[in-house]
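# Sharing a model prediction with you, sequence too.
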Amino acid sequence: MDLTEKRQASNLREMLGGAVLPVGILVLVAMMVLPLPSFLLDGFFVLNILLSLLILMVAMHSYRPLDFSSFPNLLLIATILRLALNVASTRIVLSDGHTGSDAAGQVIKSFGEFVVAGNYTVGIFVFIILVIINLVVITKGAGRVSEVSARFTLDAMPGKQMAIDADLNAGLLTPEQAIVRRRDVADEADFYGSMDGASKFVKGDAVAGLLILAINIIGGLVIGIAQHDMPIAEAAQVYVLLSIGDGLVAQIPSLLLSIATAIIVTRVSSTHDMAEHIGRQINLSRAWIPTAAVIAILGLVPGMPNKLFMAFAAMAAAAAYFARRSETAPEEAPEDGEGATAAAPNADIITLEDVTDYSDVSLQLGYGLISLVDEERAGPLVARITGIRREVSKGLGFVVPSVRIRDDLSLAPNQYRIRIGQTIVGEDVVYPDRKLALPGANTAVELDGIKVRDPSFGVEAIWIRPSLEGQAEANDYVVIEPISVIATHVSQLLTKHAAELIGQDDVQGLLDNLAQRNPQLVQSIVPKLLPLHVLTEVLRRLLIERIPISDLRRILEGLAGIAGRIKAPAEMAEALRPQLAPLLIQQVTKLGDVMPVITLAPDFEQLMIRSVRQSDDEGLALDGNLAETLLRSLNDTSEKLVSEGRPSILVVAPQIRRHMAEFIRLHVPQIIILGFTELPENRKVEVVATIGSLESLPKQTPAFDRS
């Protein structure tokens with residue numbers, strides 16, 4: 001078959017498939033008008049039962065409600081089919097019922113004789129009970145759940161849309177993923193809205209079945225007695241049995257659809273079908289053991305059916321045993337010979353993914369910390385890292401790459417490691433069953449625990465038991481959760497190494513975004529005045545100094561004024577600092593707060609200026625003892641400010657600011673170094689320390705050691 005014939009066959013199949021549903025609807029309407037022979041009526045009754053069972057099974061095996069989004073349509077079609085059958089069967093029962101119990105076909109006869117055992121009084125009560133179960137219990141509950149779900153889904157739509165937009169802006173989603181997420185949100189609202197109306201079909205169908213039963217009985221008695229001169233008892237026996245059989249054969253599929261409706265609207269989204277979802281959650285040994293014990297105790301009570309109770313107690317105990325085995329199975333899996341055999345064929349295969357890792361940022365965890373990211377145990381570390389990444393991205397002005405979290409068996413159980421690219425930039429140990437207590441300024445009591453240094457700020461801290469949390473807070477300790485320790489460390493390192501996370505592609509993305517509002521500014525600067533790689537280097541220099549690059553328009557305007565006379569990216573970044581430094585200051589101190597600053601003693605500052613001039617502006621050269629004393633003083637002052645919750649800001653002369661920053665940043669990274677010209681005029685400043693009095697420092701030797 002050539003390509004043309006295949007295409008024609010495909011078009012024919014699509015045309016025939018598209019015509020099935022319209023033709024089927026027309027057949028249903030015709031069934032309400034045209035008389036049907038009894039054998040066709042039997043076939044349609046069996047089809048109705050088959051369709052109801054199919055819908056119920058699909059509902060039970062759906063992972064989430066939207067997996068069966070066509071359910072409202074199928075429910076409508078099944079309801080119309082059942083009502084059409086009721087009309088067709090009513091016509092036959094009333095017109096041919098006097099001929100015998102098989103007048104309306106074998107299905108109705110079988111239900112009338114088998115289910116109600118030939119006793120129409122029993123049949124009436126059985127039918128009423130089924131209607132009560134369907135109408136009062138299942139349908140009413142499903143309708144209420146549908147109504148509430150539809151209301152809550154519509155109320156939550158704006159928040160979900162905003163969350164998708166926020167994730168898209170933060171780079172957590174691609175535009176294609178965002179489109180799919182928005183479509184899912186809209187489909188969910190449409191689905192629950194449709195289910196709210198579709199549940200009314202089920203309720204109306206149950207009511208209609210009750211009314212049709214009454215019409216069949218009353219109409220049959222009238223026709224049998226008045227038109228066919230049948231005795232009252234005989235007419236009642238024939239027409240009531242036919243009516244009950246007709247009602248039951250329609251009510252049972254209606255009950256199945258009601259159950260399917262209830263399952264769909266009460267279904268919670270999951271990665272398992274309904275049976276597995278329920279099985280995983282009730283398969284708990286700590287639930288089955290007391291259940292077996294209680295049933296066994298009841299079985300010992302005199303007068304009870306002891307053997308029956310003890311049999312069920314034994315079954316509950318068996319369920320507890322197998323549940324316990326399944327709970328301990330993951331720990332015993334390595335000793336399982338069969339599992340080891342299954343893994344053996346791949347043990348010698350090394351793939352490229354095993355030896356390469358192209359993630360920009362990665363967080364590696366020891367096996368003792370896996371519970372922090374375990375979704376089944378609601379491990380919140382992933383969500384916390386995502387929030388940290390979003391906040392750091394907002395603060396820096398560009399989208400920080402995603403953090404890849406994975407386990408690493410080479411680490412100690414409670415150890416974690418942070419990498420930027422392939423470089424390890426931080427690692428420490430946290431205890432998931434403890435909390436980290438940081439002492440405050442007024443702390444006088446020493447707590448029992450594991451003494452460490454906080455990985456983010458380097459201050460002394462103690463890992464304490466949760467039972468000591470109240471005592472710690474009463475003694476001016478700040479108590480931090482293990483997840484917060486890791487998240488804060490990641491946040492600090494992302495900020496510290498931001499310059500390594502931004503590349504030319506990221507900068508081009510920032511320019512494209514700015515070009516939508518200021519196209520002429522972007523076109524006049526890049527690449528006419530500055531190549532892209534030079535602009536990227538300037539932005540990296542700013543990020544090294546923790547200067548946000550969020551105001552890219554101001555950066556480009558500043559570069560436009562200096563690009564002709566300054567060529568080195570480091571000098572360009574330094575020239576831009578006075579107008580960008582307020583962005584950094586507002587991140588570390590509030591507008592109305594007094595800004596604490598550290599200054600250098602005038603004589604020591606002059607010594608620094610002479611040192612820079614003597615080294616031909618190539619860097620800061622200090623004697624080893626002098627540098628050590630300076631760094632120790634700065635570190636002690638910084639730790640004191642950190643313990644008070646205040647930023648560490650060193651203010652120096654503009655001539656030495658960059659060289660001091662390059663020197664100090666390697667040893668005391670938490671200190672911010674500003675020039676006098678970078679202090680904003682609208683800020684109140686408090687000098688909290690003066691460093692470097694020459695009387696207290698070692699004398700500078702004639703020869704300079706480069707640090």
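Cool, got the structure.
# which residues touch the residue nearest to Ala573 when sequence neighbours are not counted?
Spatially, and ignoring its direct neighbours in sequence, Ala573 is nearest to Arg541 (3.5 Å; C-beta to C-beta, 6 or more residues apart in numbering). Where C-beta positions appear, they are placed from N, C-alpha and C, glycine not excepted. Counting by C-beta atoms under 8 Å, 6 or more residues apart in numbering, Arg541 touches 499, 569-570, 572-574.
# buried sites along the strand or helix carrying Ala313?
Ala313 belongs to helix 306-332 when assigned by DSSP states H and E. Across helix 306-332, burial judged by 16 or more other C-beta atoms under 10 Å covers 309-310, 312-313, 316-317, 319-320, 323-324.
# Could you give the average pLDDT over the strand or helix carrying Arg540?
According to DSSP H and E, Arg540 maps onto helix 532-544. Mean per-residue pLDDT for helix 532-544: 92.
# and the next element down the chain from it?
helix 552-562.
# follow-up on the earlier one: who wins for neighbours among the contacts of Arg541?
Ala573 (24 neighbours; other C-beta atoms under 10 Å).
# can I assume that residue is in contact with Leu542?
Yes - taking C-beta atoms under 8 Å as the definition, Ala573 is a contact partner of Leu542 at 5.2 Å.
# What ranges does this structure have for its strands?
Here the chain has its strands, by DSSP state E, at 361-365, 403-407, 415-420, 423-429, 435-439, 450-453, 460-464, 477-480, 595-600, 649-652, 672-675, 685-691.
# for the protein, where's the lowest mean pLDDT among helices and strands?
helix 337-347 (a mean of 42; mean pLDDT, DSSP states H and E).
# So which residue is dead centre in this protein?
Residue closest to the mean C-alpha point of the chain, counted by C-alpha atoms, centre = their mean, is Ala383 at 7.7 Å.
# Quick check: it vs Pro158, distance?
21 Å (C-beta to C-beta, to the nearest Å).
# Same check on Val452?
In terms of C-beta to C-beta, Val452 sits 45 Å off from Pro158.
# go on, Thr121?
Thr121 is 57 Å from Pro158, by C-beta to C-beta.
# what do you get for Lys684?
41 Å.
# Also Pro401?
From Pro401 to Pro158 the distance is 29 Å (C-beta to C-beta).
# the more surrounded of those two?
Pro401 (19 against 10).
# for the strands of the chain, which one sits closest to Pro578?
Of all the strands of the chain, it is strand 672-675 that lies closest to Pro578, at 7.5 Å by C-beta to C-beta.
# Check which helices and strands the closest one sits against.
Judged by 3 or more C-beta pairs under 8 Å, 6 or more residues apart in numbering; DSSP states H and E, strand 672-675 is in contact with helix 569-588, strand 649-652, helix 654-664.
# now do 6 Å
Counting contacts by 3 or more C-beta pairs under 6 Å, 6 or more residues apart in numbering; DSSP states H and E, strand 672-675 packs against strand 649-652, helix 654-664.
# Looking at the first one now, give me its mean pLDDT.
This points to strand 649-652. So the average pLDDT for strand 649-652 ends up being 92.
# for it, the distance to its chain's centre please.
Using C-alpha atoms, centre = their mean, to the nearest Å, the distance from the centre of strand 649-652 to the centre of the chain it belongs to is 43 Å.
# hmm, back to that, mind checking pLDDT for the residue nearest to the centre of the chain?
pLDDT, Ala383: 84.
# Can you give me the distance of Val240 to Ile223?
From Val240 to Ile223 the distance is 13 Å (C-beta to C-beta).
# quick one, which of the two is more surrounded?
Val240 (22 against 18).
# If I look at that one, what pLDDT would I see?
pLDDT, Val240: 75.
# Roughly how far does it sit from Leu94?
Taken as C-beta to C-beta, the span from Val240 to Leu94 is 13 Å.
# do the same with Ile164
With distances taken as C-beta to C-beta, Ile164 is found 58 Å from Leu94.
# Then Asp407?
73 Å.
# out of those two, which sits in the busier spot?
Neighbour count, other C-beta under 10 Å: between Asp407 and Leu94, Leu94 has more, with 22 against 13.
# I figured that one hits Gly219, correct?
Yes - using C-beta atoms under 6 Å, Leu94 makes contact with Gly219 at a distance of 5.3 Å.
# need the contact list for the most far-flung residue of the chain relative to its centre.
Within the chain, the residue lying farthest from the chain centre (C-alpha atoms, centre = their mean) is Asp229, at 72.3 Å. Residues near Asp229 by C-beta atoms under 6 Å, 6 or more residues apart in numbering: none.
# Next, work out how far apart it and Gln237 are.
15 Å.
# which non-adjacent residue is nearest Ile418?
Nearest residue to Ile418, sequence neighbours excluded (C-beta to C-beta, 6+ apart): Gly426, at 4.2 Å.
# now that neighbour: how far from Asn134?
In terms of C-beta to C-beta, Gly426 sits 63 Å off from Asn134.
# neighbour-wise, which of these two wins?
Set Gly426 next to Asn134 and count neighbours by other C-beta under 10 Å: Asn134 wins out with 26 against 19.
# Longest helix in the protein, by number of residues?
Looking across the chain with DSSP state H, the single longest helix is helix 175-226.
# ok so, going back, so which of the helices and strands packed on strand 672-675 is the most packed in?
strand 649-652 (a mean of 22; mean count of other C-beta atoms under 10 Å).
# which ones are touching Leu257?
52, 78.
# And the chain, split by domain according to the record?
1-26, 35-277, 283-327, 357-498, 502-588, 589-707 (automatic domain parsing).
# looking at these, which has the lowest confidence?
domain 1-26 (a mean of 58).
# Go ahead and confirm Lys435 touches Val479.
Yes - the pair Lys435 and Val479 passes the contact test of C-beta under 6 Å, sitting 5.2 Å apart.
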